[in-house]
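In: sequence and predicted model, in that order:
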Protein chains: 2
Amino acid sequence: MADPLTFLDVRAAAARIAPFAVRTPVLTCADLDRRIGGQVFLKCENLQRVGAFKYRGACNALLQLDAAALARGVATHSSGNHAAALARAARERGAAAHVVMPNDVSRSKRAAVAGYGARIVDCVPTMAARSAALAEVVAATGAVVVHPYEDHRVMAGQGTAALELLDQAPELDLLLAPVGGGGLMSGCAVAAHHLRPGLRAYGVEPSGADDALRSLRAGAVTPVAEPRTIADGLRATVGANTLPILRRHLADIVTVDDEAIVRAMRYLWERTKLIVEPSAAVPVAALLEGLVPCTGRRIGVIISGGNVDLDALPWSAEVRR
Amino acid sequence: MADPLTFLDVRAAAARIAPFAVRTPVLTCADLDRRIGGQVFLKCENLQRVGAFKYRGACNALLQLDAAALARGVATHSSGNHAAALARAARERGAAAHVVMPNDVSRSKRAAVAGYGARIVDCVPTMAARSAALAEVVAATGAVVVHPYEDHRVMAGQGTAALELLDQAPELDLLLAPVGGGGLMSGCAVAAHHLRPGLRAYGVEPSGADDALRSLRAGAVTPVAEPRTIADGLRATVGANTLPILRRHLADIVTVDDEAIVRAMRYLWERTKLIVEPSAAVPVAALLEGLVPCTGRRIGVIISGGNVDLDALPWSAEVRR
């Protein structure tokens, strides 16, 4: 088993990525506070480079590659924000990025990755095809694989979001973040508990992709066969490296259904003027649904990203049809 | 003529509203910088209370009313953000707010004003009817009228946006803001020139509501008979109190058409993950259209607000039909 992720890893990541990443603002919303009876601090990672916290982890990984590795380039398979983050971080270091993408990815996400100069390798949308295509890329190029969450450099980078949040909004009682593969939650929980041991960390998942909850209960990685949720960033399965960290640090995992997610997303758009993607609305949905005890508490929430297709919003007539 | 608006007014306003207003973040966008060849600093007043800079001026005005005036309440006529701002600032001071609204205002704007506890007085959508209805309200209640821009307390409050911006992003060469009635531009230009005399301030208007440009050229308030623009916050006419300040402080006024405004709005949604209303996209449209010389410059832009109807976005199929 790998060495445990430590606060020192997160602190070193923060120093490393500081010249590149945005120190994102923390916003409050009086109406939200009134509704839930607590004080909420929104850490706006939708305002991060590439529109998602993923840039932190990708940047931290890229900055630890030596010249020989950079010359070979980096590779991953991803249908979403990690692909864009890796592409951008690689471009900034002058490295090539090879991204294996399923051929059902939306045009806008593909355009974002291509816009950052990555080479896109198409494959059919199955995990087996993705892994095979990635293996081929690595065999052909010698590129270094940067996994979206099963990598301590990536987890440490994501944890810098919580490190900043606890500086910007001290004395938090609770921390909520969405859980997909668990990289964000792992890094953030390690950072938050070091700084504030009494803090309670809650992971939030879509009920149609509740693999982390099942895995936590079972004590072993337990995938959901066919994850179904509008929160496309949270369909991944927790990994062998993230699960032990979640088990150690989480007070609980709660789940919300897609209707609650879309309601929370729309609420955030209207009230905070932030463009948040469905995955980012998931923890706020848990608060609005009353699933986490928060009366009188100070609650930090990681708003994970803001990449949505503006032509297919979940409340538009075309999507409803 | 009224005393000139001074930097001291703005500084006093900043101290007065500090416990209530948000110190809004300043964001940057690498893609925007690359496109225009300068460094842009976006002062995000869409993230201000009520989703617009208008809260600053309304709050500053309310905080200068004595107990007797507060007991009588405040009144205005407005179809937009000033109404919501005044309603909220009044509620926070325990004062009644009476808002005369034309009966063609969208349901969402009406709901926002009502949500802050204001009494809405309906009238037909003409300036004459609005003035008459406001006069009736004042006669019946003794309420204090707070004009959306022809009031030094309001202008000074709006100027605090620039005061903060120059602290958050020092050494600006240019400052751009949208011009409707001119209250925001007046307050911001006075603040900015005191702190940085060499700064060039540009006002930006929709070409279908270019009354400020005409007024500046003519040397007197020159309304546009029927303003036509998607930027609903900028249809007002510059006033006798704001025009002299604009004449003294502006390097120029430039205009952009509605197509450029919608393009800039969409660009900002996609790239910055901020919900900006059409009026707020107007200065960015001027930059993207190359209307302001900005190569190598540091450019401050006031992003004025983020109140839009999410069910009728300008790029949605229903609106295009």
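Out: That came through, no problem.

In: how about the residues of the stretch 1-150 of chain A near chain B?
Out: Contacts of the stretch 1-150 of chain A with chain B, taken as CB under 8 Å from any CB of the partner chain, map to A:Val22, A:Pro25, A:Leu27, A:Thr28, A:Ala30, A:Asn46, A:Leu47, A:Arg49, A:Gly51. Quick note: C-beta positions are derived from backbone N, CA and C, even for glycine.

In: buried subset of the residues you listed as a PyMOL selection?
Out: Selecting only the buried entries of these in PyMOL, with 16 or more other CB atoms under 10 Å in any protein chain shown as the criterion:
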select buried, chain A and resi 22+25+27+46+47+49+51
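
In: what's the farthest-apart pair in the residues of the stretch 1-150 of chain A next to chain B?
Out: Farthest-apart pair in the residues of the stretch 1-150 of chain A next to chain B is A:Ala30 and A:Arg49; separation 28.9 Å (CB to CB).

In: A:Met155 and A:Leu5 touch, don't they?
Out: Yes - using CB atoms under 8 Å, A:Met155 is in contact with A:Leu5, at 5.4 Å.

In: which one of those two has more residues nearby?
Out: Taking other CB atoms under 10 Å in any protein chain shown, A:Met155 and A:Leu5 do not tie; A:Met155 has more neighbours (32 against 24).

In: the more buried one is in what secondary structure piece?
Out: helix A:152-168 (DSSP states H and E).

In: list the helices and strands that helix packs on?
Out: helix A:7-17, strand A:39-44, helix A:54-62, strand A:174-178, helix A:183-195, strand A:298-303 (3 or more CB pairs under 8 Å, 6 or more residues apart in numbering or on different chains; DSSP states H and E).

In: which of the ones you listed is buried the deepest?
Out: Burial of these is given as mean neighbour count (mean count of other CB atoms under 10 Å in any protein chain shown); helix A:54-62 ranks first at a mean of 31.

In: list the helices and strands it packs on?
Out: Short answer (3+ CB pairs under 8 Å, 6+ apart): helix A:54-62 packs on helix A:7-17, helix A:81-92, helix A:152-168.

In: the inter-axis angle of the shortest one versus helix A:54-62?
Out: Taking axes from the mean of the first three to the mean of the last three CA atoms, to 10 degrees, helix A:7-17 and helix A:54-62 form an angle of 90 degrees between their directions.

In: now the element after helix A:7-17, going C-ward?
Out: strand A:26-27.

In: contacts for that following strand?
Out: Residues from elsewhere that reach strand A:26-27, judged by CB atoms under 8 Å, 6 or more residues apart in numbering or on different chains: A:Phe41, A:Leu42, A:Lys43, A:Cys44, A:Leu165, A:Gln168, A:Ala169, A:Thr272, A:Leu274, B:Val22, B:Pro25, B:Leu47.

In: go again using 10 Å as the cut-off
Out: A:40-44, A:47, A:164-165, A:167-169, A:272-274, A:300-301, A:303, B:22, B:24-25, B:44, B:47 (CB atoms under 10 Å, 6 or more residues apart in numbering or on different chains).

In: pLDDT averaged over that strand, what's the number?
Out: In this model, strand A:26-27 has an average pLDDT of 98.

In: then stretch A:36-51?
Out: Averaged over stretch A:36-51, pLDDT sits at 98.

In: excluding chain neighbours, what is closest to A:Pro227?
Out: A:Ala209 (3.7 Å; CB to CB, 6 or more residues apart in numbering or on different chains).

In: I meant to write A:Thr6 there.
Out: A:Thr6 sits nearest to A:Val190 (CB to CB, 6+ apart), 7.0 Å away.

In: ok, back up a step: need the helices and strands packed on helix A:54-62 in a markdown table with distance to B:Ala281 and mean pLDDT, can you?
Out: Below are these laid out as a markdown table (distance: least, CB to CB, whole Å; pLDDT from 0 to 100):
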| stretch | distance to B:Ala281 | mean pLDDT |
| --- | --- | --- |
| helix A:7-17 | 31 | 98 |
| helix A:81-92 | 24 | 96 |
| helix A:152-168 | 28 | 98 |
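
In: right, and those - which one's nearest B:Ala240?
Out: That would be helix A:152-168 among these, by CB to CB, at 43.7 Å.

In: ok now the closest one, how far from the chain's centre?
Out: Relative to its chain's centre, helix A:152-168 lies at 11 Å (CA atoms, centre = their mean, to the nearest Å).

In: that one vs helix A:183-195, what angle?
Out: 50 degrees.

In: send the alpha carbons of helix A:152-168 over as PDB?
Out: Written as PDB, here are the backbone C-alpha positions of helix A:152-168 (Å, rounded to 0.1, in the frame of the first residue of the first chain):
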ATOM      1  CA  HIS A 152      -1.000  11.200  -4.300                       C
ATOM      2  CA  ARG A 153       0.300  14.200  -6.300                       C
ATOM      3  CA  VAL A 154      -3.200  14.700  -7.700                       C
ATOM      4  CA  MET A 155      -4.900  14.200  -4.300                       C
ATOM      5  CA  ALA A 156      -2.500  16.600  -2.600                       C
ATOM      6  CA  GLY A 157      -3.200  19.200  -5.300                       C
ATOM      7  CA  GLN A 158      -6.900  18.900  -4.800                       C
ATOM      8  CA  GLY A 159      -6.500  19.300  -1.100                       C
ATOM      9  CA  THR A 160      -5.100  22.800  -1.500                       C
ATOM     10  CA  ALA A 161      -8.700  23.900  -2.100                       C
ATOM     11  CA  ALA A 162      -9.500  23.100   1.600                       C
ATOM     12  CA  LEU A 163      -6.200  24.500   2.800                       C
ATOM     13  CA  GLU A 164      -7.100  27.900   1.200                       C
ATOM     14  CA  LEU A 165     -10.700  27.700   2.400                       C
ATOM     15  CA  LEU A 166      -9.700  27.200   6.000                       C
ATOM     16  CA  ASP A 167      -7.500  30.300   5.700                       C
ATOM     17  CA  GLN A 168     -10.300  32.300   4.100                       C
END
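
In: quick one: work out the angle between it and helix A:81-92.
Out: Using the same axes, to 10 degrees: helix A:152-168 against helix A:81-92 is 100 degrees.

In: mind listing the helices for the stretch 151-300 of chain A?
Out: A:152-168, A:183-195, A:211-218, A:243-249, A:258-272, A:278-288 (DSSP state H, counting those that start in this stretch).

In: quick one: residues contacting the residue in the stretch 151-300 of chain A positioned nearest to chain B.
Out: Relative to chain B, the nearest point of the stretch 151-300 of chain A is A:Lys273 (3.4 Å; CB to the nearest CB). The neighbours of A:Lys273, taking CB under 10 Å, 6+ apart as the test, are A:27, A:29, B:44-48, B:51-52, B:274-277, B:280, B:303, B:305-308.
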